[in-house]
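>>> any chance you could fold what I've pasted below:
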Amino acid sequence: MDEFAGKVAVVTGAASGIGRALAERWAGLDMKLALADIEAEPLDEVAEALRAGGTDVLAVPTDVSDGDQVDAFARATLDEYGAMHLLCNNAGVGGGGPMWTLTEADWRWVLGVNLWGVIHGIRAFVPHLVAQGEGYVVNTASVAGLSSPPMLGPYNASKHAVVTISETLRAELGMLADGDFGVTVVCPGWVRTRIADSERNRPDELRNPETEDSPSRDEVAGALDSALETGMEPEELAEMVEQAVRDERLYVLTVDDWTPMLRERLETFVAEVDPPGAAAGASSPD
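A predicted model of the protein is given here:
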């Protein structure tokens, strides 16, 4: 995809972090924007800031884990613009801990946003891309979708699923006789976002009751915040995503330091041995 001006970009999780950076990137290329986020007020603030710069913006508060809400977002987008060309399934949340300590609510929350949000986006928007004969899909995964770090079971599962969904979608769109389609899956390492504070958006019905044994949310978020502070800026990642879309490249990896680990992991599959960190008693990374 190399023509952007006047076309329509859809971005979920657009009120902050990577989603906001993507929205700003596409606005800078003179695209029209359909933005969604579960946080209505921050979403409106982003939309107003972009409109002040001359961008045509539709903002629809949306919980991407709810298929009906994503369907409504798609209808609103098509009613407003009549078409859409670039779909960014970006909304995501964090969450984890030893898997035997996690509740069903923990799994439902993370998988609902990170996995079902992508599924709903594909189901609601991609048929329109196919019907019009052109379009591009960007799914935000993580380097955790290519590895299996401890303490992140639900997150890892969701991001692995997003990677394979993206690969499969690319293959399926490539089977169509007519049309110009592309898919990119973004697998960043640490990025300076508010994902450590994503608990703020957990629905009440999926919250766990606080107990004396519950880990301090502030402590968990503080540790993750420290790691995120070492990461890249969302705007830098958005620039990489734009280039990947222009090049029609499937994967976006952000840090060369991850390459040896990923190569070793692939080699363990072929050798049928444990991947790095999977041995019994292996310690968590610092």
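
>>> can you give me the strands in the chain?
8-12, 32-37, 57-61, 86-89, 134-140, 180-187, 251-253 (DSSP state E).

>>> which one of these lies nearest to Ala161?
Ala161 sits nearest to strand 134-140 of all those, at 10.1 Å, using C-beta to C-beta. To be clear about C-beta, it is placed using only N, CA and C from the backbone, and glycine gets the same treatment.

>>> in its sheet, which strands sit next to that closest one, and in what direction?
strand 86-89 (parallel), strand 180-187 (parallel) (DSSP bridges).

>>> picking up where we left off before, closest one to Met1 among the strands of the chain?
Per C-beta to C-beta, nearest to Met1 of those: strand 134-140, 4.7 Å.

>>> orientation of the closest one relative to strand 8-12 in degrees?
20 degrees (axes from the mean of the first three to the mean of the last three C-alpha atoms, to 10 degrees).

>>> and Arg263, what pLDDT?
Arg263 is assigned a predicted lDDT (pLDDT) of 84.

>>> quick check: it vs Phe269, distance?
Counting by C-beta to C-beta, to the nearest Å, the gap from Arg263 to Phe269 is 11 Å.

>>> list the contacts of Ile119.
Residues near Ile119 by C-beta atoms under 8 Å, 6 or more residues apart in numbering: Ile165.

>>> mind checking the longest helix of the protein?
Longest helix in the chain by number of residues (criterion: DSSP state H): helix 153-174.

>>> and that one, how far out from the chain's middle?
11 Å (C-alpha atoms, centre = their mean, to the nearest Å).

>>> what's the answer for stretch 253-268, then?
20 Å.

>>> mind listing the residues bridging to Leu58?
Under the criterion used (DSSP bridges), Leu58 bridges to Ala34.

>>> and it, what does it touch?
Each residue near Leu58 by C-beta under 8 Å, 6+ apart is listed here: Lys32, Leu33, Ala34, Leu35, Ala47, Ala76, Thr77, Glu80, Tyr81.

>>> check Lys32 too.
Gly6, Lys7, Val8, Ala9, Thr55, Asp56, Val57, Leu58, Tyr81.
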